[in-house]
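Peer 1: Could you work out the structure for the sequence below:
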Amino acid sequence: MFTLFNLFVSVYTLIATIGFWTARWIIQQYDKAPSYSYVDSTQQYVYSYDDDGDNAGTGTGNSSSSSGNGDEHDQKLQTKLQEYKGPNPFTIRKLSRYERCKIYVCCVTGIALIRFSMFIALLFCGYLISLPINLNVVHKGSLLHAFIVRCIRRCIGGVLFLFAFYFVDETDSRSKPAAAATAAAPDDDSKPIRVIVCNHCTIFDGVVLLWRTNGVIAAKQELSKVPIVGSIMNALQTVWIDRSGKQGKEYAKQQIIAAINDFDAPPLIIFPQGTCSNIHTITSFRTGAYLPKQKILEISLDWTRNTNCDLSFVADLHTLAHFIHVACCQFINYCHLDIYNEHAPSKAERENINLFAHNSRKMVLRSLNRYNVNPSLPIVATNHSYSDFCLLRKAYSSNANFNTTNILMDDIISTLQLRTTTITYLAEIFSSFDVNKSGFIEFDEFCSAFDQDANNPSKNMQHFFRMLTTSEHSDRIGFTEFLVAVATCFVDDKLEDAVKIMFNANHSETDERYMVKEMVLHTYDKHCVPDVHHGHSMEKFVADIFGDREQLSFDEFYRNVIEQKYGFMVQHYLQTIITMRLKIKLTNEDFVLHGNRVHVNPLTELMRSTSVQSVDMNLN
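Peer 2: Predicted coordinates:
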């Protein structure tokens, strides 16, 4: 008896010790997370939204089409990205002292270990049950196939119970019950619901919907590679969405349309947000679920009753174990599921898919706020997307002070016509110039990029830097200003700003009101390989613009460029002298626009696929 007691004490001591260090490790992982991932539990968001919950504080600044005044040629560029001041949807609350103590208690007492062990056992059980389907032993549509799927869904319900979801509140706010999916495809209005859309906040969203509905999930392709879980989801006829690359997005759309139009398959569960946001926000709805223009079922999942623990999953897949472990340490978890609305698209929504998705998000948001337990902190909509999270993560990984929460990817795309992958690429370039890791490019770093001495810079370099600096600070360049400067060198409707940059890079040292003819040729010929561009050499460009004059004012230079349609030569000049010097390599594929609205210097386009040569530039 004494020996058994000693054995029990020894085993429990081992479990308690492992549990203690596990709890400490989990808490440390939360504390090491990026600073943008957390807000204080008492913090209230500051935002400005309209009655429908749409962001009213975001927008884009447009470049003016009128020419500037000669005495204002050295001011800042006209094109600006409006600063976003709303809530960041990719934040979660920090672990409170209560939560930290609870994690230690559950880990030391072995509660978390028991739950996690049973969770693994249920997963393995589901994996074994799914093997006949994954090995193609059981045919889809057979009675045995339906039985296996039902057993897997029972295991899913068991998983929720293990994670303290002892019951999931469910309400049906529809005026009419949803029609069940049938094998036949009736005409138009009588068609069954083939799409279920829902907000996405936690790793349990899909689990809850798989358990409480008869739908199948549309999930990111990356999840299919997760051991065991990927096999189980595959057996449940998950539609794997591959969003990588331009062709991948088009293929993903076709996948979704095909799955929705397959009336022999279960309804398709789609999270239009494309990624998780915190429980107090709902990000943009992508249009994939709405492409077939069919009636959809809108469901909301409200998690606000979890007042102590924030289950929002706004991180990478490699942190999934941390979130699962914290969920294992909860005494009880709450979730409210509301079947809110059957949404048949109107004529306007059929003609405009973006409007369909926009109105659908309004419905989900309205349902969320109806059951929000904290009215003082309403759930709000933002214009963020998965691309914003990718940019935020990329920026932080290169520099902890490089913060992109004040800009929106959609604003950048609509204003500067840059693709999402291009913006991420430019974030890497920006970070490489930020030597002191301040999150900004300061004057000494800017001069270093152009091989100039910051202690003895030319006046032209000082003017050039001042044009690009932030509105609040004249001694540094932010990422938004950097993006504007790069796009200005390529996009046609930013021509006035491009002319302004070229003018300030070549104006007279004695009289800043004038641009010097000789200096343009001197800078270009000294640092660039002579070439003929579209049948126009730089010498011909200068001769046509200046004529028999040696210098021009800004208004004169801008007017001559417009009248003689030489905008492409200004862009050619800037791309060759500036972007190549900064090793920024863009092609036509880096822009949303093509053809006559974007001009790419063939030299920089060639450099995209080859090594970058060193091009000196001494703006003097």
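Peer 1: Quick check: residue 18 vs residue 329, distance?
Peer 2: 15 Å (C-beta to C-beta, to the nearest Å). (Each C-beta comes from the backbone N, C-alpha and C, glycine too.)
Peer 1: again with residue 81
Peer 2: Separation of residue 81 from residue 329 (C-beta to C-beta) stands at 42 Å.
Peer 1: Can you name the element that comes right after the helix or strand bottoming out on mean pLDDT in the chain?
Peer 2: Ranked by mean pLDDT, DSSP states H and E, the weakest helix or strand in the chain is strand 38-39, scoring a mean of 46. For strand 38-39, the succeeding helix or strand toward the C-terminus, using DSSP states H and E, is strand 92-93.
Peer 1: list the helices and strands that next one packs on?
Peer 2: strand 38-39 (3 or more C-beta pairs under 8 Å, 6 or more residues apart in numbering; DSSP states H and E).
Peer 1: So what touches the host helix or strand of residue 127?
Peer 2: Residue 127 is part of helix 111-134, with elements assigned from DSSP H and E. The contact list for helix 111-134 (C-beta atoms under 8 Å, 6 or more residues apart in numbering) reads 15, 18-19, 22-23, 103, 105-107, 137-138, 140, 144-145, 148-149, 151-152, 155-156, 158-159, 162-163, 228-229, 231-232, 234-236, 324-325, 328-329.
Peer 1: And those residues, which of them are buried?
Peer 2: Neighbour counting with 16 or more other C-beta atoms under 10 Å marks 15, 19, 22-23, 103, 106-107, 138, 145, 148-149, 152, 155-156, 158-159, 162-163, 231-232, 235-236, 324-325, 328-329 as buried within the contacts of helix 111-134.
Peer 1: got the buried residues for the one helix or strand residue 521 maps to?
Peer 2: Using DSSP H and E, residue 521 falls within helix 517-527. For helix 517-527, a neighbour-count test (16+ other C-beta under 10 Å) marks 517, 519, 520, 521, 523, 524, 527 as buried.
Peer 1: Give me the contacts around the helix or strand following it.
Peer 2: Under the assignment DSSP H and E, the closest C-terminal helix or strand after helix 517-527 is helix 538-546. With contacts defined as C-beta under 8 Å, 6+ apart, helix 538-546 is touched by 517, 520-521, 524-525, 530, 552, 557, 560-561, 564, 566, 569, 573.
Peer 1: Format these as a markdown table; extra columns: pLDDT and distance to residue 312.
Peer 2: Converted to a markdown table, these look like this (pLDDT from 0 to 100; distance: C-beta to C-beta, whole Å):
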| residue | pLDDT | distance to residue 312 |
| --- | --- | --- |
| 517 | 87 | 60 |
| 520 | 85 | 55 |
| 521 | 82 | 58 |
| 524 | 76 | 53 |
| 525 | 69 | 58 |
| 530 | 49 | 58 |
| 552 | 90 | 57 |
| 557 | 91 | 53 |
| 560 | 92 | 56 |
| 561 | 91 | 51 |
| 564 | 90 | 57 |
| 566 | 89 | 53 |
| 569 | 88 | 51 |
| 573 | 87 | 49 |
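Peer 1: and which of these is nearest residue 493?
Peer 2: residue 561 (14.2 Å; C-beta to C-beta).
Peer 1: For the helix or strand where the closest one lies, buried residues please.
Peer 2: In the assignment (DSSP H and E), residue 561 maps to helix 554-563. For helix 554-563, a neighbour-count test (16+ other C-beta under 10 Å) marks 554, 556, 557, 558, 560, 561 as buried.
Peer 1: Look up how far residue 552 lies from residue 513.
Peer 2: 10 Å.
Peer 1: tell me, which helix in the chain spans the most residues?
Peer 2: helix 2-31 (DSSP state H).
Peer 1: quick one: that one to chain centroid distance?
Peer 2: 40 Å (C-alpha atoms, centre = their mean, to the nearest Å).
Peer 1: what is the rounded mean pLDDT of it?
Peer 2: Taken as a whole, helix 2-31 has an average pLDDT of 78.
Peer 1: in it, what's buried?
Peer 2: 15, 19, 22, 23, 26, 27, 30.
Peer 1: For the last one, give its distance to residue 115.
Peer 2: By that I understand residue 30. For residue 30 relative to residue 115 (C-beta to C-beta), the value is 19 Å.
Peer 1: And the second one, by the same measure?
Peer 2: Distance from residue 19 to residue 115, counting by C-beta to C-beta: 12 Å.
Peer 1: between the helix holding residue 127 and helix 2-31, how many degrees?
Peer 2: 80 degrees (axes from the mean of the first three to the mean of the last three C-alpha atoms, to 10 degrees).
Peer 1: how about the helices of the stretch 301-450 of the chain, start to end?
Peer 2: 320-328, 347-351, 353-370, 386-398, 409-416, 420-433, 443-449 (DSSP state H, counting those that start in this stretch).
Peer 1: And the ones you listed: which comes nearest residue 309?
Peer 2: Going by C-beta to C-beta, the one of the helices of the stretch 301-450 of the chain nearest residue 309 is helix 320-328, 6.7 Å.
Peer 1: I'd like the mean pLDDT over that closest one, please.
Peer 2: Mean predicted lDDT for helix 320-328 stands at 79.
Peer 1: Which residues outside it are in contact with it?
Peer 2: 22, 26, 29-30, 95, 99, 103, 106, 111-112, 115-116, 119, 162-164, 203-204, 309, 311, 313, 315, 333.
Peer 1: same thing with stretch 249-259?
Peer 2: Residues contacting stretch 249-259 (C-beta under 8 Å, 6+ apart): 218, 239-243, 265, 268, 270, 288-289, 291-292.
Peer 1: any idea which of those is closest to residue 8?
Peer 2: Of the contacts of stretch 249-259, the one sitting nearest to residue 8 (C-beta to C-beta) turns out to be residue 240, at 47.1 Å.
Peer 1: And the host helix or strand of that closest one, how far out from the chain middle?
Peer 2: Assessed by DSSP H and E, residue 240 sits inside strand 239-241. Between the centre of strand 239-241 and the centre of its chain there are 19 Å (C-alpha atoms, centre = their mean).
Peer 1: neighbouring contacts of that strand?
Peer 2: Residues from elsewhere that reach strand 239-241, judged by C-beta under 8 Å, 6+ apart: 216-221, 223-224, 252, 255-256, 259, 268, 288.
Peer 1: That one - what's its average pLDDT?
Peer 2: Taken as a whole, strand 239-241 has a mean pLDDT of 83.
Peer 1: Tell me where the model's unsure across this protein.
Peer 2: Within the chain, the stretches with pLDDT under 70 are 1-2, 5, 32-75, 175-190, 243-248, 315-319, 470-473, 525-536, 594-596, 601-620.
Peer 1: Tell me if residue 269 really is in a strand.
Peer 2: Yes - membership of residue 269 in a strand is supported by DSSP: H, G, I helix; E, B strand; the rest coil.
Peer 1: Helices of the stretch 101-250 of the chain, start to end?
Peer 2: With DSSP H, counting those that start in this stretch, the ranges of helices along the stretch 101-250 of the chain come out as 111-134, 143-162, 205-212, 229-235, 245-260.
Peer 1: Any chance of those helices in JSON lines with distance to residue 370 as columns?
Peer 2: Compiled in JSON lines, these are given as follows (distance: least, C-beta to C-beta, whole Å):
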{"stretch": "helix 111-134", "distance to residue 370": "32"}
{"stretch": "helix 143-162", "distance to residue 370": "23"}
{"stretch": "helix 205-212", "distance to residue 370": "18"}
{"stretch": "helix 229-235", "distance to residue 370": "31"}
{"stretch": "helix 245-260", "distance to residue 370": "28"}
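Peer 1: Out of these, which is closest to residue 86?
Peer 2: Of these, nearest to residue 86 by C-beta to C-beta is helix 205-212, at 22.9 Å.
Peer 1: what's the closest one in contact with?
Peer 2: 153, 156-157, 159-160, 165, 168, 170, 196, 198-199, 215-217, 219, 236, 269, 271, 276, 299, 301, 335, 337.
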